[in-house]
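K.L.:
Model the following, please.
(one chain, ligands or ions: 1)
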Amino acid sequence: MEVNSGSKLISKSHVHKPQLALDEKRGMIPTILADSYLKDISNFKVRNDDIFVVSYPKSGTNWILYTLHLLNQLQKNEKVIQQMSPVPYMEFPEGYDVAKAASTPGQYVRANDMPSPRVLMSHLQLELLPRELRARKGKLIYIARNPKDVAVSFYHFASLTTNLPGYSWPEYFTKYCQGKTHRGLWFDHVLAFWEFAQGNEDTVLFLKYEDMILNPTSTVTIIAEFLGYSLTEDNIAFVVNQTSFENMKTACVPLNAGPTKTKNNNNKNKPSFMRKGKIGDWRNKFTVAQNEFFDAIYEGKMKNTGLHFDFGDQ
Ligand code: A3P
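P.N.:
Residues are numbered from 1 along each chain as shown. You can find the predicted model right below:
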């Protein structure tokens with residue numbers, strides 16, 4: 001069965017395998033994205049004070065979201081609630097269960113009714129985001145992370161949620177290098193936003209996960225300045241402290257990212273984005289051969305882009 005022109009349905013009926021379509025340009029994406037929501041998202045009405053947080057998955061998205069949650073409350077002089085509140089994940093169905101997406105509204109629908117200023121998140125490729133956002137209405141924060149740690153983080157996450165197929169590590173690695181995992185090729189995703197950010201620093205902020213780890217104070221300050229917030233050094237220090245890995249583990253209860261692959265659906269086994277939070281964990285998974293193979297691709301794709309990542313090299 002074809003799901004739409006340009007997309008080939010390659011997996012359609014396994015209890016633990018969501019329907020994934022291979023789109024030549026965008027890699028593997030849940031068919032629901034190809035089918036029902038994309039047109040609406042493209043036409044989504046962006047407001048001038050919207051803040052979109054966008055990333056390739058497993059790049060520190062929730063870290064930025066929680067940082068914004070705190071910064072926004074401080075800026076408004078509100079009593080700070082140290083608990084992450086849900087942010088609409090534009091292209092995901094309410095309830096986070098991809099299998100039910102055909103009969104469930106996308107979270108972008110809820111976003112339409114939210115009061116301003118809104119924080120919204122997405123893992124969509126640049127070309128699939130709202131047209132008005134691409135025309136530079138609203139603000140966009142893109143967070144990127146070195147692609148080796150992204151691969152390992154995502155591989156672990158995929159083993160937990162039924163929204164994603166389960167892979168062996170060698171299988172995942174091969175598909176990841178080919179852009180045939182969820183959200184397509186890391187290089188295509190990241191480089192499109194990197195290019196988009198050049199010369200548009202007033203509306204697009206391109207951040208790196210590794211900078212958040214190594215220089216949290218300056219990164220949080222950069223975010224606050226980008227948003228035009230006037231906060232004190234104490235405010236920034238507070239946010240840095242609250243968004244540490246350890247503090248976020250309690251402030252951000254396990255993500256409701258859809259049904260889990262284990263029957264034991266307690267919080268411990270729910271898919272959590274708080275796993276290790278380190279630079280260089282890829283060393284525990286990549287073989288020497290995989291590393292050499294990946295380095296060759298990386299060199300070719302990143303050459304002359306001016307974009308560099310910290311791999312936690314020893
Ligand atoms: P690991 O799986 O390597 O631990 P996302 O939010 O985009 O899904 O990204 C999840 C990744 O960001 C996970 O990586 C998670 O541990 C890491 N992360 C989330 N909050 C963090 C924090 N405060 N400090 C460091 N890493 C964090």
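K.L.:
near the ligand, which residues of the stretch 201-314 of the chain show up?
P.N.:
213, 243-245, 248, 273-277, 281 (C-beta under 6 Å from any ligand atom). Using the backbone N, CA and C atoms, a C-beta is placed for each residue, glycine as well.
K.L.:
and the stretch 1-150 of the chain, which residues reach the ligand?
P.N.:
Selection of the stretch 1-150 of the chain residues close to the ligand by C-beta under 6 Å from any ligand atom yields 55, 57-63, 149.
K.L.:
What is the burial count for residue 294?
P.N.:
Counted with other C-beta atoms under 10 Å, residues neighbouring residue 294 total 18.
K.L.:
list the buried ones in the helix or strand hosting it?
P.N.:
Using DSSP states H and E, residue 294 maps to helix 288-302. Residues 290, 294, 298, 301-302 are the ones in helix 288-302 that count as buried (16 or more other C-beta atoms under 10 Å).
K.L.:
Could I get the full set of strands for the chain?
P.N.:
Assigned by DSSP state E, the strands in the chain fall at 7-11, 20-23, 27-30, 51-55, 119-122, 139-144, 204-208.
K.L.:
Where among those is average confidence lowest?
P.N.:
Comparing mean pLDDT across the strands of the chain, the weakest is strand 7-11, with a mean of 35.
K.L.:
one step back: which strands and helices lie in contact with the helix holding residue 294?
P.N.:
Where contact means 3 or more C-beta pairs under 8 Å, 6 or more residues apart in numbering; DSSP states H and E, helix 288-302 is packed against helix 147-158, helix 169-178, helix 186-197.
K.L.:
For the first one, what does the pLDDT average out to?
P.N.:
Spelled out, it's helix 147-158. Averaging pLDDT along helix 147-158 yields 95.
K.L.:
Alpha carbons only: can I get it in PDB?
P.N.:
Taking Å, rounded to 0.1, in the frame of the first residue of the first chain, the C-alpha atoms of helix 147-158 are listed here in PDB:
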ATOM      1  CA  PRO A 147      26.000  12.700  15.900                       C
ATOM      2  CA  LYS A 148      27.700   9.800  17.600                       C
ATOM      3  CA  ASP A 149      26.200  10.500  21.000                       C
ATOM      4  CA  VAL A 150      22.800  11.100  19.300                       C
ATOM      5  CA  ALA A 151      22.900   7.700  17.600                       C
ATOM      6  CA  VAL A 152      23.600   5.900  20.900                       C
ATOM      7  CA  SER A 153      21.000   7.900  22.800                       C
ATOM      8  CA  PHE A 154      18.400   7.300  20.200                       C
ATOM      9  CA  TYR A 155      19.200   3.600  19.900                       C
ATOM     10  CA  HIS A 156      18.500   3.200  23.600                       C
ATOM     11  CA  PHE A 157      15.400   5.300  23.400                       C
ATOM     12  CA  ALA A 158      14.000   3.200  20.500                       C
END
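K.L.:
what angle sits between it and helix 169-178?
P.N.:
Here helix 147-158 runs at an angle of 130 degrees relative to helix 169-178 (axes from the mean of the first three to the mean of the last three C-alpha atoms, to 10 degrees).
K.L.:
contacts for helix 147-158?
P.N.:
56-59, 164-167, 169, 172-173, 176, 181-182, 186-187, 190, 209, 257, 271, 273, 275, 278-282, 284-286, 291, 294, 298, 309, 311-312 (C-beta atoms under 8 Å, 6 or more residues apart in numbering).
K.L.:
and what of stretch 307-314?
P.N.:
By C-beta under 8 Å, 6+ apart, the residues outside stretch 307-314 that reach it are 144-149, 190-191, 194, 208, 210, 214, 278-280, 282-283, 302.
K.L.:
Stretch 244-253 too?
P.N.:
Contact with stretch 244-253 is made by 62-63, 66, 82-84, 241-242, 267, 273-274, 277, as judged by C-beta under 8 Å, 6+ apart.
K.L.:
Repeat that for stretch 50-60.
P.N.:
Outside of stretch 50-60, the residues within contact range by C-beta under 8 Å, 6+ apart are 61, 64-65, 68, 87, 116-124, 129, 133, 137-145, 149-150, 153-154, 157, 182-183, 186, 189-190, 193, 209, 212, 227, 273.
K.L.:
OK, contacts around residue 303?
P.N.:
Taking C-beta under 8 Å, 6+ apart, we find residue 303 in contact with no residue.
K.L.:
still on that earlier bit, nearest to residue 92 among the residues of the stretch 201-314 of the chain next to the ligand?
P.N.:
If you rank those by distance to residue 92 using C-beta to C-beta, residue 273 comes first, at 14.0 Å.
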